[in-house]
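Asks: One predicted model, sequence on top.
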Amino acid sequence: MPARHLYRLLFLGLALFALPAAAQVSEFTLDNGMKVIVKQDHRAPVVVSQVWYKVGSSYEPDGITGISHALEHMMFKGTETHGPGVFSRTISALGGSENAFTSRDYTAYFETLASEHLETALRLEADRMRNLLLDPEEFRKEIEVVKEERRLRTEDKPSGMVYEQFNAVAWRASPYRNPVIGWMNDLDNMTLEDLAAWYKRWYAPNNATLVVVGDVQPEHVRTLAERHFGPLPTSDIEPLKPADEPRQAGETRVQVRVPARQPYLMMGYKTPIVGRAEEPWEPYALFVLSSVLDGGESARLSRELVRGSGIAASAGASYGSYGRLPGMFLLSGTPTDKHTVAEVEKALRDAVERLRSEPIDDNELKRVVTQAVASKVYEADSLFNQAMEIGILETIGLDWRLIKTEIDALKAVTPEQVMTVAQRYLVDDNLTVATLVPLPMDGKQPAPRSASAGGRHGS
């Protein structure tokens, strides 16, 4: 089954998903340590069930990168009770859908189906939590599927290559330097024994959260969770060693030279996140800052670089407020045919400098808050997104109740605070720049230039 991945989830930041009154949310913990959170939404006889594991690529040591994602693939290959593919066929036969995704900080498995069939989903999830059948032949086939996925998403995709190399040189100590899908060498050398040990260590009720959202009653969900997950044994899970990123002391640059049709630029400034900032308002000010630059057609980058000067065919900014570890404020751009990457970089730097030197106006701030409220209302229509917001926050070590205060926190941001975070974090000594230098699509290499002819590059 092809796994759907949300690589850009933390990259773009958690959207302002909707969560109605706290009275509709119940939570409890089973005797074996598994947390269960239930949110009632009785608009339709449908339920979303998600099991979240506190493990992803940022948990992986060197040598076995990509193992969390590889294990996700194997979770659909059968247990001692149900053969390969039975899980998916059973949910499909009930008119439901299911899938999974792996990210830096978590792995999650989900089903959407009629409320009356919730027990079937929980029974199947509980079965594969501790009883996965890791067949050598299935592993040999599936690891090749993973490697092909890596080729399609990275090796054969110029922007994917840039993003991977950008992270690899930007982070010195943070495990965010490794790709979620893993390095190809590690995939080539991964063994079934590696996978079995990883599964045994992390896939346990005391390392998982069950989130159920939809047309359900909390006490009924509790009964089902205790029946199917309650008997499962726990794992001895030792806390991870701290992976604090050292302070960057100078701009880092890297060139990625691959066959491509267009050049491309990515810039990133290391920034704090909710729960790990010097001041609690800083992440919200950074979110506002990113939305001022890139929050629709009226935002500055679209208005000035794309439609205005015409320097860029596309330009964007993004910031993720939430993560297990600090992330980055990202800028990107593609020049139009008559312009260069250097011009796009200068234009992006000028946009940042303006934010450092001039407070945003009240109209821009009002636009950002209005969009955030609209997003909150829109996302309320999705059971899946309501469950996602809860699962993400709980799995990265935060409280889902933070969602209730997001809008108020954004409304409290001042133009002066936006300027302060720009001055504090969007500085050259805290910057990494990655540039895609297109090589001919026919594979013919251009003649090498002398060192004096090129710009700065390398890390």
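Replies: Sure, I can see it.

Asks: What spatial separation is found between residue 256 and residue 265?
Replies: 11 Å (CB to CB, to the nearest Å). For the C-beta atoms, the positions are set from N, CA and C on the backbone; glycine is no exception.

Asks: Need the residues touching each of the two.
Replies: Contact criterion CB atoms under 8 Å, 6 or more residues apart in numbering; residues bridging residue 256 and residue 265 by contacting each: 434-436.

Asks: Just the ones of these in strands?
Replies: In strands, judged by DSSP state E, the following of those are found: 434-436.

Asks: who wins for most neighbours among those residues?
Replies: The most neighbours of any of those, using other CB atoms under 10 Å, belong to residue 434, which has 27 neighbours.

Asks: what secondary structure does the residue nearest to it when sequence neighbours are not counted sit in?
Replies: Nearest residue to residue 434, sequence neighbours excluded (CB to CB, 6 or more residues apart in numbering): residue 166, at 3.9 Å. Going by DSSP: H, G, I helix; E, B strand; the rest coil, the secondary structure assigned to residue 166 is helix.

Asks: Where does pLDDT dip in the stretch 301-450 of the chain?
Replies: 443-450 (pLDDT under 70).

Asks: The same query, at a cut-off of 50, please.
Replies: 447-450 (pLDDT under 50).

Asks: quick one: the strands in it?
Replies: Applying DSSP state E, counting those that start in this stretch to the stretch 301-450 of the chain gives strands spanning 312-319, 327-335, 431-439.

Asks: Mind listing the strands the shortest one pairs with, and their directions?
Replies: Right, strand 312-319. strand 327-335 (antiparallel) (DSSP bridges).

Asks: coming back round to it: to residue 409, which of the strands of the stretch 301-450 of the chain lies closest?
Replies: Nearest to residue 409 among the strands of the stretch 301-450 of the chain is strand 312-319; the distance by CB to CB comes to 14.3 Å.

Asks: tell me which element the closest residue to residue 81 other than its chain neighbours falls in.
Replies: Once flanking residues are discounted, residue 81 sits nearest to residue 127: 5.7 Å by CB to CB, 6+ apart. Residue 127 belongs to helix 118-130 when assigned by DSSP states H and E.

Asks: Ok, residue 101 next?
Replies: Here residue 101 is assigned to strand 97-102, by DSSP H and E.

Asks: what does the next helix or strand after that strand rub up against?
Replies: Toward the C-terminal end, the helix or strand that comes next after strand 97-102 (DSSP H and E) is strand 107-114. Strand 107-114 is contacted from outside by 45-53, 55-56, 68-69, 71-72, 75, 91, 94-101, 120-121, 125, 383-384, 387, 391, 395, using CB under 8 Å, 6+ apart.

Asks: Go again with 6 Å.
Replies: Residues outside strand 107-114 that contact it (CB atoms under 6 Å, 6 or more residues apart in numbering) are 45, 48-53, 55-56, 68, 72, 91, 94, 96-98, 100-101, 121.

Asks: From those residues, keep the buried residues only.
Replies: Neighbour counting by 16 or more other CB atoms under 10 Å classes 48-53, 55-56, 68, 72, 91, 96, 98, 100-101, 121 among the contacts of strand 107-114 as buried.

Asks: Assign residue 290 to helix, strand or coil.
Replies: Residue 290 - assigned by three-state DSSP - is helix.

Asks: Break the chain into its domains for me.
Replies: Residue ranges for the domains of the chain, per automatic domain parsing: 8-228, 252-440.

Asks: pretty sure the residue nearest to residue 434 contacts residue 264?
Replies: No. Shown here, residue 166 and residue 264 do not form a contact pair, counting by CB atoms under 6 Å, at 10.5 Å.

Asks: Return the distance of residue 276 relative to residue 144.
Replies: With CB to CB as the criterion, residue 276 and residue 144 are 39 Å apart.

Asks: Can you verify my assumption that residue 186 contacts residue 62?
Replies: No. Here residue 186 does not reach residue 62: they are 8.1 Å apart, not a contact under CB under 6 Å.

Asks: Between those two, tell me which one has more neighbours.
Replies: The neighbour comparison of residue 186 against residue 62 (other CB under 10 Å) goes to residue 186, with 20 against 9.

Asks: leaving aside the residues next to it on the chain, what's closest to the more buried one?
Replies: residue 65 (4.6 Å).

Asks: looking at this, the one you found is in a strand?
Replies: No. Checked against three-state DSSP, residue 65 lies outside a strand; its state is coil.

Asks: Start at 119, not 1
Replies: New numbering, starting at 119: the last item is residue 183.

Asks: Just the pLDDT at it, thanks.
Replies: Here, the pLDDT recorded for residue 183 equals 98.

Asks: now the helices for the stretch 469-577 of the chain?
Replies: 480-497, 501-513, 520-529, 533-543 (DSSP state H, counting those that start in this stretch).

Asks: go on, the stretch 269-418 of the chain?
Replies: 276-288, 302-306, 310-320, 336-346, 400-411, 418.

Asks: Out of those helices, which is the most enclosed?
Replies: helix 400-411 (a mean of 25; mean count of other CB atoms under 10 Å).

Asks: centre of the chain versus it, how much separation?
Replies: With CA atoms, centre = their mean, to the nearest Å as the basis, helix 400-411 stands 18 Å off its chain's centre.

Asks: Can you list the helices and strands that it packs against?
Replies: strand 430-437, helix 480-497, helix 533-543 (3 or more CB pairs under 6 Å, 6 or more residues apart in numbering; DSSP states H and E).

Asks: mind redoing it with 8 Å?
Replies: Applying 3 or more CB pairs under 8 Å, 6 or more residues apart in numbering; DSSP states H and E, one finds that helix 400-411 contacts strand 430-437, strand 445-453, helix 459-475, helix 480-497, helix 520-529, helix 533-543.

Asks: what's the spacing between the residue nearest to residue 164 when sequence neighbours are not counted and residue 162?
Replies: Spatial nearest neighbour of residue 164, chain neighbours left out: residue 332 (5.3 Å); criterion: CB to CB, 6+ apart. As judged by CB to CB, residue 332 and residue 162 stand 8 Å apart.
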